[in-house]
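Asker: from the sequence below, what's the structure:
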Amino acid sequence: MFATTLARHRSKPRTYIGCMKSGPVLSNKNVKYHEPEYWKFGEEGNKYFRHATGQIYAISKDLAMYISINQPILHKYANEDVSLGSWFIGLEVEHIDERNMCCGTPPDCEWRAQAGNVCIASFDWSCSGICKSVEKIKHVHKKCGEGDAAVWNSLF
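Answerer: Numbers count the residues shown, from 1 in each chain. Predicted structure coming up:
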């Protein structure tokens, strides 16, 4: 599914593909994903600009080159997905909100797979990742994946 999704956007320049969101800027230093530079985003309670969530995203080659060339002067926030989104704010970049990159763990991704809409990534929103991932990853893959043959039959 990932290869198919990327192939659909291959010819587009300056693309940023992912599960786009603009969540709250977390100013409380006692919480996970605290942003020490929260004050840069305005008043308390403000949200981040649109950016792809951290479970998976993709950028086009020209954006990767831009980052590579300008890396020394690109500001890094506490969260890498927010940093990436900030680097594209003033550029002509197409933000592509791919909903198959926004799936939850079973049963969400399982229902989607049964409907023919296989997820690219699964995320357990209750714990910011996949809770107990070592124990659960095989279960998630079995319930929500395309099967082992999908990787070997994909056209990149």
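Asker: quick one: residue 45 and residue 24 touch, right?
Answerer: Yes - using C-beta atoms under 8 Å, residue 45 is in contact with residue 24, at 7.1 Å. Every C-beta, even on glycine, is put in place using the N, C-alpha and C of the backbone.
Asker: settle it for me: which of these two has more neighbours?
Answerer: Remark: of residue 45 and residue 24, residue 24 carries more neighbours, 14 against 9, as counted by other C-beta atoms under 10 Å.
Asker: partner residues bridging that one?
Answerer: residue 47 (DSSP bridges).
Asker: that one touches residue 47, doesn't it?
Answerer: Yes - contact criterion C-beta under 8 Å: residue 24 and residue 47 qualify, at 5.5 Å.
Asker: residue 49: what's it in contact with?
Answerer: Contact analysis of residue 49 by C-beta atoms under 8 Å, 6 or more residues apart in numbering lists 22, 85-86, 89.
Asker: quick one: which of those residues has the most company?
Answerer: With neighbours taken as other C-beta under 10 Å, the top of the contacts of residue 49 is residue 85, carrying 25 neighbours.
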